[in-house]
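*Asks:* Provide a 3D model corresponding to the input given below.
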Amino acid sequence: MKIKLIEHEYAFVIPTKTESAVCYGKTFVDKTGQTVLKLIRYLDKINGELTIPNSLTLNGTLYYVREIGPGAFRGCTGLTSISIPNSVTKIGYNAF
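*Replies:* Modelled structure (predicted):
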């Protein structure tokens, strides 16, 4: 069985301890048929601590966070710590 790769792009909000961060990402179905999310870029400058969730629900569909794209946190100089869930299996070049 061949799985067709269908990508969708979203802007969504991930709450932090002190504020919310707007993130841009792509969703797709992986080789196993699971719906997954790749964090492409944080659009807001994040200050303090950030916990990336294991999964997010977008438009009624559950997506597991699997990747952090290259340069995703570029310019986030106020970020003091980040918690990355075990669901993330790939972190892009210069993500931080």
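
*Asks:* and Thr61, what is it in contact with?
*Replies:* With contact set as CB atoms under 8 Å, 6 or more residues apart in numbering, Thr61 has these partners: 27, 35. The way it works is simple: take the backbone N, C-alpha and C, and place the C-beta from them, glycine included.

*Asks:* Output the helix or strand encompassing Ile40 as PDB, restricted to C-alpha atoms.
*Replies:* Following DSSP states H and E, the helix or strand that holds Ile40 is strand 35-42. In PDB, the C-alpha atoms belonging to strand 35-42 read as follows (Å, rounded to 0.1, in the frame of the first residue of the first chain):
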ATOM      1  CA  THR A  35      -0.700  12.300  11.400                       C
ATOM      2  CA  VAL A  36       2.400  14.300  12.400                       C
ATOM      3  CA  LEU A  37       3.500  17.900  12.800                       C
ATOM      4  CA  LYS A  38       6.800  19.600  11.900                       C
ATOM      5  CA  LEU A  39       7.400  22.900  13.700                       C
ATOM      6  CA  ILE A  40       8.800  25.200  11.000                       C
ATOM      7  CA  ARG A  41       9.300  28.600  12.700                       C
ATOM      8  CA  TYR A  42       8.200  30.400  15.800                       C
END
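
*Asks:* What are the buried residues along the very next helix or strand once past it?
*Replies:* Once the chain leaves strand 35-42, the next helix or strand it forms, by DSSP H and E, is strand 48-51. Of the residues in strand 48-51, Leu50 count as buried by neighbour count, 16 or more other CB atoms under 10 Å.
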